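Colleague: Provided below are the primary sequence and the corresponding predicted coordinates.
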Amino acid sequence: MINVKRFVDINIKSHQISTVSSIRDTAVLIVETGSINAELTSASGNDYNNLSDTEKKYVDVFFACGGAKLKVISAVKTGSSATATELVNQIKTLGNELIVIAYAGANATFQSAASTLAGDSTVYGVNSKILVTYTSTTSAINTKNLAIKYTSVAGEEMSIAAYLTKINFDGIDTVQDYNFTKEPDTMSVIDNDGTFGTLQDNNINVDIVISGVKRNCGGNLGDGKDLVNEFALIVLQQTVTDAVMNVLVEKPKDESGLARIRSAISGELARYVINGYLTQTEVWTDEDLTIAYNNITYTVVEKNTALQSGYIVKVLPMSSLTQSDKAARKAPPIYLVLADSYGIRKVTINGETI
């Protein structure tokens, strides 16, 4: 028999939807040494050798603390050292997947850049960043998305960056609080209880010795929000966005398209229940959460509703759209309610003896 493929050769394959990656294993270190753009997996190599001693300290601490990958880039600057504005502009050009940023330069300059980013209305959701810095004072630095380590040794704040790059979002119960994490013997510690109490009150991370082991205590950002939960929230927003985009490129239509979008979101959020970021034990205790859209009020979640899935996905009906919405090919608004977990850092036990 003559093979018809000699004349007409057809090979149609089912389209494979892109997978959604939750890997965020690379932190960024901005250095003042010129012309470096390298991804390091250890404290070695030509790029490492070209760094100053201070910059090497940042890399050393990162890998000593088990950090996965470190992207080292030179500051984009016009003078001898970067300004806060130049750092902000450079950070805003980094890819969304590069969330954790440190700077081996003037600490005050970097903290000023963090403050500017915190007030920038264009930086939110998928392009949010977490900046990592250090302080040698106990004064509070109430800046959004700024993680602070108490130390007089520049570079020891990289223990925070290292911890975040090790989180496996595809694992089971792998999203864990940074508090009480074991750290290398080379890290600085304090043993003054008054200082420790002030640092904890001011949301500053610090290493102390617990039962002969150096461990980080704290686990918050400067504004009091949980460090790991905020990092996880940024990653969640990115991966949910990717999941929805995978549906949109298939050109969904009408109610069936909305169902596919909702299914994609729910499937992605389930990942965060498994890895421990979202909890299934929370109850919405506030008043009913409502939203007004096109002069109609919709209820997103009612008071005392148990978030048994760890989340609620509320998709408004197609009937909520106006003619202009339809002309713009808009989907109805979608609202997410998330029940994030929290780590237990203190237990008080009261009792009596007889």
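Modeller: Good, I have the coordinates. What you see is a predicted model; the values in this text were computed from it and never measured.

Colleague: so which strand or helix has D325?
Modeller: For D325, the element it lies in under DSSP states H and E is helix 323-327.

Colleague: Next, the buried residues of the next helix-or-strand element following that helix.
Modeller: Sequence order places strand 334-338 as the next helix or strand after helix 323-327, per DSSP H and E. For strand 334-338, a neighbour-count test (16 or more other Cβ atoms under 10 Å) marks 337-338 as buried. Bear in mind the C-beta positions are built from the backbone N, C-alpha and C, glycine included.

Colleague: Likewise for stretch 320-327?
Modeller: Buried, per 16+ other Cβ under 10 Å, within stretch 320-327: 321, 325.

Colleague: likewise stretch 30-43?
Modeller: 30-32, 36, 40, 43.

Colleague: Check stretch 96-103 too.
Modeller: Buried positions in stretch 96-103, judged by neighbour count with 16+ other Cβ under 10 Å: 96, 98-103.

Colleague: you'd agree T109 is in a strand?
Modeller: No. Assigned with DSSP: H, G, I helix; E, B strand; the rest coil, T109 falls outside any strand and is helix.

Colleague: Could you list which residues are in contact with it?
Modeller: Counting by Cβ atoms under 8 Å, 6 or more residues apart in numbering, T109 makes contact with 81-84, 87, 103.

Colleague: Just the buried subset of the residues you listed, please.
Modeller: Buried members of the contacts of T109, scored by 16+ other Cβ under 10 Å, are 82-84, 87, 103.

Colleague: ok, which pair from those is furthest apart?
Modeller: Farthest pair in the buried ones among the contacts of T109 (Cβ to Cβ) is T83 and Y103. Separation: 11.9 Å.

Colleague: Quick check: the farthest pair among the buried residues of stretch 30-43?
Modeller: The largest separation in these, counting by Cβ to Cβ, is between E32 and A43 at 18.2 Å.

Colleague: where along the chain do the helices fall?
Modeller: 46-49, 53-64, 84-92, 107-118, 158-165, 193-201, 227-248, 254-274, 323-327 (DSSP state H).

Colleague: Compare those helices and give me the one nearest K214.
Modeller: Counting by Cβ to Cβ, K214 lies closest to helix 158-165 out of the helices of the chain; the figure is 10.0 Å.

Colleague: And the contacts of that closest one?
Modeller: Applying Cβ under 8 Å, 6+ apart, the external contacts of helix 158-165 come out as 24-27, 29, 58-59, 61-63, 65-70, 99-100, 102, 130, 132, 147, 149, 178, 181, 183-184, 187, 205, 207, 216, 227-228, 231.

Colleague: just the CA coordinates of that helix, formatted as CSV?
Modeller: Coordinates of the C-alpha atoms in helix 158-165 are reproduced here as CSV (Å, rounded to 0.1, in the frame of the first residue of the first chain):
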residue,chain,number,x,y,z
MET,A,158,20.5,38.3,53.5
SER,A,159,19.4,35.6,55.8
ILE,A,160,15.9,36.9,55.2
ALA,A,161,16.3,36.8,51.4
ALA,A,162,17.8,33.3,51.6
TYR,A,163,14.8,32.0,53.5
LEU,A,164,12.3,33.3,51.0
THR,A,165,14.1,31.7,48.1
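
Colleague: average model confidence for it?
Modeller: What helix 158-165 shows for mean pLDDT is 98.

Colleague: Then stretch 169-188?
Modeller: 96.

Colleague: Centre of the chain to that stretch, how far?
Modeller: Stretch 169-188 has its average C-alpha position 15 Å from the chain's average C-alpha position, going by Cα atoms, centre = their mean, to the nearest Å.
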